[in-house]
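Asker: predicted model and sequence follow; I will ask about them next.
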Amino acid sequence: MRKINLSISGCMGRMGQQLIKSSKKDKNFKLISLTESRIINKRIAGLKLSKNSVDAFKKSSVIIDFTVPKCTLEILKIASKLKKRVVIGTTGFTKKEEDLIKKFSRKIPILKAGNMSLGVNLLMYLTEIASKSLGNNFLSKVYEVHHKHKIDYPSGTALMLGKGIADGKNKNFYNLIGKKYLNKKTFPYAKKINFNSIRKGEIIGEHEVRFFSGKEIIKLNHESFDRALYSEGALTAATWLMTKKAGLYSMRDLLNFK
């Protein structure tokens, strides 16, 4: 099998570093370029770091991006010009930025996921089923915990779960977003979906969805213990995307959840 030429953007970040490790172990990939917004005069995995550019990505088969929204859109602009596939693990996009990603997906294959874990994507699927089954008699909220270095909140995964709740009710997610709390010991249920984010220690990731009727509580949760599950999921997504036409895909498409 011919190896897939891989570029990693945000290579100095936590996920970027993990992706480098995982890709070196995966015989299906050949790492050909590493990009970072702030250039450091050093080599990683035998490659010199560069900024996002046509030269950095012209030999790529696929780009995996775990950065920030502004950087992701910059990458998509270049990838669209070069007709390159992109796996997006970046989170924290505004609705306007989400619309721009959809626009780029008309030209190139893009797989975007707030979380690359099989377990988390299964949790989202189960959340949607529960929301649909329980109906409007139950209120819901989302709780998440991440390491102290994570800046954005709620996490992309928490927002994915919130969208699962909204999809289950066949409602617009943006109209259901409630309050966004940070580091609260407790937080209330409401008619909209409230979120609470905890930032502490070096926790990789914990997520929980709760449904409350006043008489009972249903909890769906997931805990991550190894960051490699995200990088391996991203590589699986990159491999899957190689056979796809232009369009916007998710891990749900990859996993064939109906």
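Answerer: Happy to help now that I have it.

Asker: could you say which helix or strand holds M160?
Answerer: Per DSSP states H and E, M160 falls inside helix 156-168.

Asker: hmm, who's touching that helix?
Answerer: 90-92, 113-115, 120, 123-125, 127-133, 140, 142-144, 154, 172-173, 176-177, 193, 195, 197, 205, 207, 209 (Cβ atoms under 8 Å, 6 or more residues apart in numbering). C-beta: built from backbone N, CA, C; applies to glycine.

Asker: mark which of those are buried, thanks.
Answerer: 90-92, 113-115, 120, 123-125, 127-128, 130-131, 140, 142-144, 154, 173, 176-177, 193, 195, 197, 205, 207, 209 (16 or more other Cβ atoms under 10 Å).

Asker: when you check the residues you listed against the strands, which ones overlap?
Answerer: In strands, defined here by DSSP state E, the members of the buried ones among the contacts of helix 156-168 are 140, 142-144, 177, 193, 195, 197, 205, 207, 209.

Asker: pull out the buried positions in stretch 176-189.
Answerer: Going by 16+ other Cβ under 10 Å, stretch 176-189 has these buried residues: 176-178, 180-181, 187, 189.

Asker: please disregard the earlier target; I meant stretch 44-51.
Answerer: In terms of neighbour count (16+ other Cβ under 10 Å), stretch 44-51 has its buried residues at 44, 47, 49-50.

Asker: include pLDDT and distance to I218 when you put those residues into a markdown table, please.
Answerer: Output for the buried residues of stretch 44-51, formatted as a markdown table (pLDDT from 0 to 100; distance: Cβ to Cβ, whole Å):
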| residue | pLDDT | distance to I218 |
| --- | --- | --- |
| I44 | 87 | 45 |
| L47 | 92 | 48 |
| L49 | 92 | 47 |
| S50 | 92 | 49 |
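
Asker: quick revisit: just the mean pLDDT for the helix holding M160, thanks.
Answerer: Taken as a whole, helix 156-168 has an average pLDDT of 93.

Asker: over to stretch 102-114?
Answerer: Stretch 102-114 comes out at a mean pLDDT of 96.

Asker: span of it from start to end?
Answerer: 15 Å (Cα to Cα, to the nearest Å).

Asker: what's next to it, contact-wise?
Answerer: 76-77, 79-80, 83-89, 91, 101, 121, 155-157, 159-160, 233, 237-238, 240-241, 244-251, 253-254.

Asker: what two of the ones in strands among the buried ones among the contacts of helix 156-168 are the furthest from one another?
Answerer: I177 and G205 (20.6 Å; Cβ to Cβ).

Asker: before we move on, back to that, list buried residues within the contacts of stretch 102-114.
Answerer: For the contacts of stretch 102-114, buried by 16+ other Cβ under 10 Å: 76, 79-80, 84-89, 91, 101, 121, 155-157, 159-160, 233, 237-238, 240-241, 248-251, 253-254.

Asker: mind checking which of those residues are in helices?
Answerer: 76, 79-80, 101, 121, 156-157, 159-160, 233, 237-238, 240-241, 251, 253-254 (DSSP state H).

Asker: can you pull the poorly scored residue ranges out of the protein?
Answerer: 1, 258 (pLDDT under 70).

Asker: any idea how far S37 is from S50?
Answerer: 11 Å (Cβ to Cβ, to the nearest Å).
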